[in-house]
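Student: Below is the sequence, then the predicted model.
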Amino acid sequence: MHWTLQCKSKNVACMLTRWRNMHSGKRLSILLGILIVLGLITGILSSVPALEKPDYLQRLSKMAGQVYFAVFAQALMAVTYVSIACLMVPLLKRGSEGLAIAYFGFRIVGAAFLFAGIATLLLLLFVSEKYALLAHSPLDDRTLGAVVIQMELFAEMARMVRDWLNHVAMVLPWAMGGLLMFLGLQSMRIVPAWIYLWGFIASGLTLLATLLLMLNIIQIVSAAYMLMNAPMALLEISFSFWLFLEGFPEGPAGSIVELEKTGKGARGAGQYSDD
């Protein structure tokens, strides 16, 4: 056992040494890749499929553990999104400080709406638990019927607010921030063209899907909505792989990236230029 612990400690020390020896661009890339993957995972885990069922009010009180897990996942997703924004701002500022500030503002607003969506989910669980108690209520049938209608109406309003927060209020500023991020990466030429071109298209489709949802032309649970958002999900997976395998270049003097006056990356002077 002592030998095993020694081997493990040596492996950890080796990993720490390799991490310290990495240039700052590669460390940033790995951290961003991990956070992007974590954001995708927590986004999936934060969903509560029971809310799409007609009898969701009866179901939620019986699955409180799953609801609390979804709340935790959504909170972690919001923290992850804020962390990504904080890591990207110093990089984008080297290309355009104004663009970096606008990007950060949009992304923080989107994360704030994610936190607000948590409150609506907890509210729905509370209403569901009170709704379940009505089965043992001493109220007469007429009064009980009125209370049931009021609770169902309130729950439906809370569910709609949650959908608007998670799929409109959060997505709009987040997608706008994404457009700005890919615009900044394109101007600095520190990623391949396919990444920022895919980013422009995917962000545009996400914005379009959100606008159609706002106008009630498409629904959240629909093939059209899923297809229009699929490119963004695939891009995040592909971008994270690129960050792990290649990543951002290293600039002079140990900085993450230093840009020339031409706006091209320091590594290879425009390694990903359009020429």
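Tutor: Ah, there it is.
Student: hey, let's count contacts and neighbours off CA atoms from now on
Tutor: Fine.
Student: contacting residues around Ala73?
Tutor: Counting by CA atoms under 8 Å, 6 or more residues apart in numbering, Ala73 touches Thr42, Gly43, Leu45, Ser46.
Student: residues in contact with the last one?
Tutor: Ser46 makes contacts with Phe69, Ala70, Val71, Phe72, Ala73, Gln74, as judged by CA under 8 Å, 6+ apart.
Student: Where neighbours are concerned, which of the residues you listed has the most?
Tutor: Compared across those, Gln74 has the highest neighbour count, 25 neighbours, by other CA atoms under 10 Å.
Student: What confidence value was assigned to that one?
Tutor: Listed pLDDT for Gln74 reads 95.
Student: quick one: which helix or strand includes it?
Tutor: Gln74 belongs to helix 64-93 when assigned by DSSP states H and E.
Student: Over to Gly39?
Tutor: helix 24-45.
Student: For that helix, which residues meet the burial criterion?
Tutor: Buried residues in helix 24-45, counted by 16 or more other CA atoms under 10 Å: 24-39, 42-43, 45.
Student: what's the angle between that helix and helix 64-93?
Tutor: 150 degrees (axes from the mean of the first three to the mean of the last three CA atoms, to 10 degrees).
Student: What is the neighbour count of the residue nearest to Arg107 when sequence neighbours are not counted?
Tutor: Take Arg107 and drop its neighbours on the chain: the residue closest to it by CA to CA, 6 or more residues apart in numbering is Trp174, 5.1 Å away. Using other CA under 10 Å, the number of residues around Trp174 comes to 25.
Student: same thing with Asp55?
Tutor: If we define neighbours as other CA under 10 Å, then Asp55 has 10 of them.
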